[in-house]
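compute the structure for the input listed below.
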Amino acid sequence: MKMSKRTLIGAALLSCIGTTFGLPAQAEEPLKIGMIASYSGPYADYGRQFDAGVELYLKEHGGKIAGRPVQIIRKDTAGAAPDLAKRYAQELVVRDKVQLLTGLDFSPNAYAVAPIATQAKVPVLVMNASSSAITNSSPYIARLSFTVQQVSDPMARWMLENGVKETMIVVADYASGTDAYTAFKNAFEAGGGKVLGEIRTPMSNPDFSAYVQRIKDAKPESVFFFFPSGVMPPAFLRVWKERGLSEAGIKLFATGEATDDSFLDATGDIAQDLITSHHYSYAHPSEKNQKFIRDFEENFGTSLRPNYFAATAYDAMAAYDLALAATGGDTDGTKVMDALAGLSFESPRGPIQIDPETRDIVQTVYIRKTDKVDGKLVNVEFDAYENVKDPAKADAAKGK
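Down below sits the predicted model:
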C-alpha cells in the first residue's frame, strides 16, 4: 500500500523520538525493581535507610538506570518473615513483572526468596542479609553488603595481634549469630587464642542481666559479641555498664552492628570506646564517602544518619546500572548475573568487588573505635584488613 507524504513524515518523527540519545523506544519503559525489606515494626529503620540510598543514587542519575526510568515496588516484611518474603517475591515476579529484585535485610528472608529467583531466573542483589550460604542458595543471587563471618574473622585476628589471648563469645541465637560464632572462634583458636565459653541469647526481648552476670562470674579477659543492629546492642551495653564489667577489667569487642551509625545517637555514651569491626562507617574519610554524606544530608536532613544499609542500597543501584550497561540494557537473568560477576567499583565504604566465583562481596574490613568527633559519636577507623573475602567460602575453596 502506498503511504501519504504526511504519514511518512509522521513515521520518521516517531523514529527520531524513539532513538533520542541513541536509546531504543522501549528504553523509556520503566525498569521494575522489587524491594523486599522491613518498613514497619522495630526494624523499620532498615527500610528507611534502603529507600534513602536508592533515592539518592537515582536522583544523582536522573531517576534512571541504563537509560530507563526506574519503578521501585516495595514490600514490607516487618522483620524476619521468610514465608511472607517468599510470597512477596512470587507476587513481584508473577504479578508485577519485576525484572530485578533487591532489599532483603534478614537472612531467613533471603533464603526464602532464593527458589523463586532460581525458578524465574530473576537477578537478586542482597542489600544486607549476611548469612554466608545465601549466595549458595541460588545462582541468581549476588551480595553487595557483607557476611557476618567476613567481619567477625578480622576482629578475632586483630584482638590476637594486640595481645588478647582469651575470650567468651556472646551471640544472638539465629543463623547470623551462628556465623559470627563460627568465624570468630575458628580464627581466634587458629591464632592461639582460647575461647572460655559461649552464650546464645534469644532474638525476642532478651533480658541480658543473667547473661552478663555469668560473664562477670567467669572473669574472662575479654568478650566478643554479635547482635543484629537495632534494639539488642544498646540493651546489652546498658546492662554491661550497670554491672560494672569494664571496671572489672573485662575488655569488650563486637562487630559493627553494635554501633550502627543510625542508632549511635540513641545508644549514647554507653557505646563510648567500644572497638568494633565492620565494612562501613559514617566517618569513613574518603572523598567518595564525604560526598555521599553531604548529598545525603542535603536531601534527607540530619535526623537520619546514613549507615551501612544506605551505603549498600546506593551501591546496589550502581551495580545494577553498571551490569545493565554491560548487557546493553538486556535484563535477561543469566546475562545480568554474568555482568555482575567480577564487577568492581568505588563505593562510599571504599573499593569493592563481586567475587566472580562466589558472587559475594570482597571489601575492606575496618577496625573502629567509638568516639566523639565534633560532639558527635562516630565510629573512627584506625586499622584495616583489605580485600577480605567471606572466610566460609575461602575455607570451602581450600577444601576445608
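
count the residues that sit near residue 319.
Counted with other CB atoms under 10 Å, residues neighbouring residue 319 total 24. Just so you know, the C-beta spots here come from the backbone N, C-alpha and C atoms, and that holds for glycine as well.

which secondary structure element is home to it?
According to DSSP states H and E, residue 319 maps onto helix 308-326.

list the buried ones in that helix?
Under the neighbour-count criterion of 16 or more other CB atoms under 10 Å, helix 308-326 has 308-324, 326 buried.

beyond that helix, next helix or strand please.
Under the assignment DSSP H and E, the closest C-terminal helix or strand after helix 308-326 is helix 333-340.

what angle separates that next one from helix 308-326?
Comparing the axes of helix 333-340 and helix 308-326 via axes from the mean of the first three to the mean of the last three CA atoms, to 10 degrees yields an angle of 110 degrees.

strands paired with the helix or strand following helix 333-340, and their directions?
As assigned by DSSP H and E, the chain's next helix or strand after helix 333-340 is strand 344-347. Its sheet considered, strand 344-347 pairs with strand 350-354 (antiparallel) by DSSP bridges.

state the mean pLDDT of the partner strand.
For strand 350-354, the mean per-residue pLDDT is 98.

output it as PDB, restricted to C-alpha atoms.
Below are the C-alpha coordinates for strand 350-354, written out as PDB (Å, rounded to 0.1, in the frame of the first residue of the first chain):
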ATOM      1  CA  GLY A 350      36.000   2.000  49.700                       C
ATOM      2  CA  PRO A 351      36.800  -0.300  46.800                       C
ATOM      3  CA  ILE A 352      34.500  -3.300  46.400                       C
ATOM      4  CA  GLN A 353      34.200  -6.200  44.100                       C
ATOM      5  CA  ILE A 354      31.700  -9.000  43.500                       C
END
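
ranges for the helices of the stretch 201-350 of the chain?
Taking DSSP state H, counting those that start in this stretch, the helices of the stretch 201-350 of the chain run over residues 209-218, 232-242, 264-267, 287-300, 308-326, 333-340.

pick out the shakiest of those helices, pLDDT-wise.
Among these, helix 264-267 scores lowest, at a mean of 92.

that helix: which residues count as buried?
264, 267.

tell me what that helix is packed against?
helix 232-242, strand 376-388 (3 or more CB pairs under 8 Å, 6 or more residues apart in numbering; DSSP states H and E).

which of these sits most buried?
Neighbour counts (mean count of other CB atoms under 10 Å) averaged over each of those peak at helix 232-242, with a mean of 20.

distance from the chain centre to that helix, please.
24 Å (CA atoms, centre = their mean, to the nearest Å).
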